[in-house]
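Peer 1: Have a look at this prediction, sequence included:
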Amino acid sequence: MRPPFTYEGIEYDLSHLNTCNEVYTYTDIITNAQKSYKIVIIYSSHCFTSGIDKNSYQDKNLIYKENNLERIFDFFRYDLSKRIPGIIRNILNSHCYITNKGNFFVIEFLDHNNNKQEYEVYFRLRRSNKKECILYVESAYVRDKAFKKEQPKRDNKIGFRTLIIKIMEKKQISFKK
């Protein structure tokens, strides 16, 4: 359970980012058998925080600590993070992109103040046993001018259904470098 974050007497509920489980069921096209996998979904604090900028003033009351990591509670990211569980639930019917760092990302288009923006959600997916995998949501953000890195190329697209089957069946995922 992730406790709420409190700032200036206001509690910010983070329960939407508690670890949860989903079950993915599909029909094997070769054997016609039903198969099910449990997906354990874990959310990183990077979904609602940002890095500490050592060169500018940071309100110490905004520091969010999780394990040994300290980051700044980010109100904009927090508001957007409420969309992440829905994005992850809908990912089964979507595609994602493979990065050259071994993780994946999906893009959700937002209409924020009448401006179309891309909301990038990064995750890792790994098999934990033959019936279960872990989907770890690493980070999620709108890439703005302050963000220094470029978005990974979108050359390597894969359907999430294909991705989960390949990971669960220990098959190689190929991608362009």
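Peer 2: Structure's in. What do you need?
Peer 1: hey, let's count contacts and neighbours off CA atoms from now on
Peer 2: Noted.
Peer 1: what residue ranges in this structure score low on pLDDT?
Peer 2: Filtered on pLDDT under 70, the chain yields the residue ranges 112-114, 145-148, 175-177.
Peer 1: any idea which helix is longest in it?
Peer 2: With secondary structure taken from DSSP state H, the chain has its longest helix at helix 160-168.
Peer 1: Please identify the buried residues of that one?
Peer 2: Phe160, Arg161, Leu163, Ile164, Ile167, Met168 (16 or more other Cα atoms under 10 Å).
Peer 1: Mind listing residues that contact that helix?
Peer 2: Helix 160-168 has contacts (Cα atoms under 8 Å, 6 or more residues apart in numbering) with 91-96, 125-127, 130-133, 172-173.
Peer 1: now it: how far from the chain's centre is it?
Peer 2: How far helix 160-168 lies from its chain's middle: 16 Å, per Cα atoms, centre = their mean, to the nearest Å.
Peer 1: repeat for stretch 49-57
Peer 2: 22 Å.
Peer 1: Can you get me the start-to-end distance on that stretch?
Peer 2: Chord length of stretch 49-57, first to last residue, is 16 Å (Cα to Cα, to the nearest Å).
Peer 1: tally of neighbours for Trp36?
Peer 2: You called it Trp, but residue 36 is Ser. Ser36 is flanked by 12 other residues according to other Cα atoms under 10 Å.
Peer 1: Leaving out the residues flanking it, which one is nearest to it?
Peer 2: Thr25 (4.2 Å; Cα to Cα, 6 or more residues apart in numbering).
Peer 1: Mind listing residues that contact the strand or helix carrying the one you found?
Peer 2: For Thr25, the element it lies in under DSSP states H and E is strand 20-27. Residues outside strand 20-27 that contact it (Cα under 8 Å, 6+ apart): Ala33, Gln34, Lys35, Ser36, Tyr37, Lys38, Ile39, Val40, Ile41, Ile42.
Peer 1: again with stretch 6-17
Peer 2: Residues contacting stretch 6-17 (Cα under 8 Å, 6+ apart): Met1, Arg2, Pro3, Pro4, Phe5, Ile42, Tyr43, Asn61, Leu62, Ser81, Lys82, Pro85.
Peer 1: in the chain, which spans are strands?
Peer 2: 5-7, 10-12, 20-27, 34-43, 49-50, 63-66, 69-73, 95-98, 104-112, 115-129, 132-142, 157-159 (DSSP state E).
Peer 1: What sits closest to the most centrally placed residue in the chain if chain neighbours are left out?
Peer 2: Centroid-nearest residue in the chain, with Cα atoms, centre = their mean: Val137, separated by 3.1 Å. Of all residues not flanking Val137 in the chain, Phe123 sits nearest, at 4.2 Å (Cα to Cα, 6+ apart).
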